[in-house]
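[1] After the sequence you'll find the predicted model.
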Amino acid sequence: MSKNNTLLSRFSNESSVLLKLSVPIMITQLATQAMGFADTVMAGRVSPVDLAAIALGTSLWLPALLLLRGLIMALTPITAFHRGANKHTQIATELVQMLWIVLASSIMLIIYLNFGEVILTSINVAKEVIPVASDYAIALTYGVPGIALFYTLNAFCEGMNNTKAPMVFSIIGLFINVPINYILIYGKLGVPALGAVGSGFATSIVYWLMSLMLFIYIKRHADYKHIFQNIDFSPKLAQVWSLLKLGLPIGINIAISGSIFAVIALLIGRLGAANIAAAQIALSISSMTYVIPMSLAFGITIRVGYALGRGDEAAAILKTKVGIINAILISLVASSAFLFFPELITSIYTKDPMIAATATTLLAYTAAYQMSDALQTSISGALRGYKDTKVPMFLACMAYWGVALPLGVMLSMTDIIGPARGESGFWIAIITGLTLGAFLLFIRLIYVIKKRSKSIATNHDLAAALVH
């Protein structure tokens, strides 16, 4: 067999394993995102104000949720590493300590969302949207502990190489969400019509149902019973701190990446309800497609973490390369859909011709950054597997907040760089920030791999010298 055939075979085999692991994660994330999609579409049928309220409420909710999600994600590579090293007691201990972190984080997130009206008022968004948007954010607070618990149990399952169970319960949650949305948004079965706020309550109910189903599944799963024998539920500050050191940079990194979109939506809020609605359509679609490289990144984290737990450096490098290539190839599909079918996509959300026209333009820009987004996301996943999270956090902060956001403000709202471009200026800035972020993370990944290889080679030489 030729070298090329061998490389192709290895690529094909690893791609198959990665996709088998990642597709259930993908479906889980898509089902969760689809709840937001359903909120946007169903509330958008009520009025432009309700659609704008979803956009602004989500802009408050999303950065904090991403921070929480990223923080919890630390549990996945740690669980995968302990599974690879066959340390089952450590798996249970890490899960319990993460639950303590999640409890404290949920309380802080609930307090934050209750200040939604103050935040929206302070940044001068369209006044007619503020009451509905803040009430929508408050409705979501009831589901914060539910989604936090679901993400924690989900991270445990992913680390145990079980991605199908969270997928099944996420799909069930999606199917439950739509009828509850219908009842609460439009006022059916004797319930008053709550519009956008109703979708917030529906989402909270579904979050709790999803977490309850996954908890019961794990508790009754025969393969997990030996892990949870004689479990100690007391908080252990040393391990909590260890989880925070790994997870907080991941959370900040993901929150920075995702919150740039939320902040842009808030800034566009000054332009009026129609502008917010158009931006929300483009952002909603973009967040749906982002789930695909993000899910692949989760799979890459698991594969790399497991390989390193077994001490197989070469396998970790192979899994990293294959994962990144797969993410790039898949991003081309999303870009093609945005370029060739923009009118069809926007028609799902709105019948307003002005809003649809603006959203269609923004979709063309969205197509342009799909590859950069896939690249930076998949590289971040590999770095998490290597437990390198702090430097990627700073690189993301520089690319998105140091470059993209200031550039977006200048292009959209000032005449510093030509005439103000409105919403389009922000999308140009997003393309710039994501491309820069992908480049910086790529350089970091090369550095981390070379540093590990050099360290291992040095240790081998030292061991050989001691033997002789």
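    Arrived safely, thanks for sending.
[2] Who are the packing partners of the host helix or strand of residue 253?
    Assigned by DSSP states H and E, residue 253 falls within helix 237-268. The contact analysis (3 or more CB pairs under 8 Å, 6 or more residues apart in numbering; DSSP states H and E) places helix 237-268 against helix 48-73, helix 75-84, helix 88-113, helix 273-309, helix 370-385, helix 390-397, helix 405-413, helix 423-467. For glycine as for every other residue, the C-beta is placed from the backbone atoms N, C-alpha and C.
[3] Distance to residue 210 and mean pLDDT added to those, as CSV?
    Shown next, in CSV, are the helices and strands packed on helix 237-268 (distance: least, CB to CB, whole Å; pLDDT from 0 to 100):
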stretch, distance to residue 210, mean pLDDT
helix 48-73, 14, 77
helix 75-84, 17, 79
helix 88-113, 15, 87
helix 273-309, 16, 78
helix 370-385, 23, 89
helix 390-397, 29, 85
helix 405-413, 33, 81
helix 423-467, 30, 76
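[4] Dump those helices into a markdown table; add distance to residue 231 and mean neighbour count as well.
    Formatted as a markdown table, those follow (distance: least, CB to CB, whole Å; neighbours: other CB atoms under 10 Å):
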| stretch | distance to residue 231 | mean neighbour count |
| --- | --- | --- |
| helix 48-73 | 19 | 26 |
| helix 75-84 | 15 | 25 |
| helix 88-113 | 5 | 18 |
| helix 273-309 | 22 | 25 |
| helix 370-385 | 26 | 27 |
| helix 390-397 | 30 | 20 |
| helix 405-413 | 44 | 19 |
| helix 423-467 | 33 | 16 |
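[5] Double-check residue 254 against residue 67; I have them as touching.
    Yes: under the criterion of CB atoms under 8 Å, residue 254 makes contact with residue 67 at 7.2 Å.
[6] Which secondary structure element is home to residue 172?
    Secondary structure from DSSP H and E places residue 172 in helix 164-186.
[7] Then residue 127?
    Using DSSP H and E, no helix or strand contains residue 127.
[8] give the contact list for residue 299.
    The contact partners of residue 299, by CB atoms under 8 Å, 6 or more residues apart in numbering, come to 18-19, 21-22, 25, 163, 323, 381.
[9] Would you mind listing which of those are buried?
    Buried by 16 or more other CB atoms under 10 Å: 18-19, 21-22, 25, 163, 323, 381, out of the contacts of residue 299.
[10] any chance of those in CSV, with secondary structure and distance to residue 215 too?
    As requested, the buried ones among the contacts of residue 299 are arranged in CSV below (DSSP: H, G, I helix; E, B strand; the rest coil; distance: CB to CB, whole Å):
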residue, secondary structure, distance to residue 215
18, helix, 28
19, helix, 28
21, helix, 22
22, helix, 24
25, helix, 19
163, coil, 17
323, helix, 30
381, helix, 26
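[11] tell me the secondary structure for residue 189?
    With DSSP: H, G, I helix; E, B strand; the rest coil as the basis, residue 189 sits in coil.
[12] And for the one 3 residues further on?
    In three-state terms, and counting by three-state DSSP, residue 192 is coil.
[13] Count the neighbours of it for me.
    Around residue 192 there are 8 other residues, counting by other CB atoms under 10 Å.
[14] separation between it and residue 49?
    Remark: distance between residue 192 and residue 49 (CB to CB, to the nearest Å) = 17 Å.
[15] In space, what's closest to residue 334 - neighbours in sequence excluded?
    In space, and not counting its chain neighbours, residue 334 is closest to residue 289: 4.3 Å by CB to CB, 6 or more residues apart in numbering.
[16] From residue 129, how far off is the one you found?
    From residue 289 to residue 129 the distance is 26 Å (CB to CB).
[17] Relative to residue 412, which of the buried ones among the contacts of residue 299 is nearest.
    Nearest to residue 412 out of these is residue 381 (CB to CB; 30.9 Å).
[18] what's the helix or strand for the nearest residue to residue 56 once chain neighbours are set aside?
    Ranked by CB to CB, 6+ apart and with sequence neighbours excluded, the top spatial neighbour of residue 56 is residue 133, at 3.9 Å. Using DSSP H and E, residue 133 sits within helix 130-141.
[19] List the buried residues of that helix.
    Buried residues in helix 130-141, counting neighbours by 16+ other CB under 10 Å, are found at 130, 132-141.
[20] Show me which of the residues you listed is closest to residue 369.
    Among the buried residues of helix 130-141, and counting by CB to CB, the member closest to residue 369 is residue 133, at 26.4 Å.
[21] tell me the contacts of that closest one?
    Here residue 133 is in contact with 52-57, 60, 116, 120, 125, 196 (CB under 8 Å, 6+ apart).
[22] can I get these in a markdown table with distance to residue 146?
    Output for the contacts of residue 133, formatted as a markdown table (distance: CB to CB, whole Å):
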| residue | distance to residue 146 |
| --- | --- |
| 52 | 26 |
| 53 | 22 |
| 54 | 19 |
| 55 | 23 |
| 56 | 22 |
| 57 | 17 |
| 60 | 18 |
| 116 | 19 |
| 120 | 24 |
| 125 | 28 |
| 196 | 20 |
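[23] between the residues you listed, which is closest to residue 394?
    Closest approach between these and residue 394, by CB to CB: residue 60, at 24.9 Å.
[24] and that closest one, what does it touch?
    Per CB under 8 Å, 6+ apart, neighbours of residue 60: 113, 116, 119-120, 133, 137, 262.
[25] Look at residue 213 and report its pLDDT.
    pLDDT for residue 213: 93.
[26] I'd say residue 244 and residue 100 touch.
    No: applying CB under 8 Å, one finds residue 244 not in contact with residue 100, separated by 10.6 Å.
[27] if I look at the nearest residue to residue 376 once chain neighbours are set aside, how far off is residue 375?
    Nearest residue to residue 376 in three dimensions, chain neighbours excluded: residue 438, at 3.9 Å (CB to CB, 6+ apart). Per CB to CB, residue 438 is found 4 Å from residue 375.
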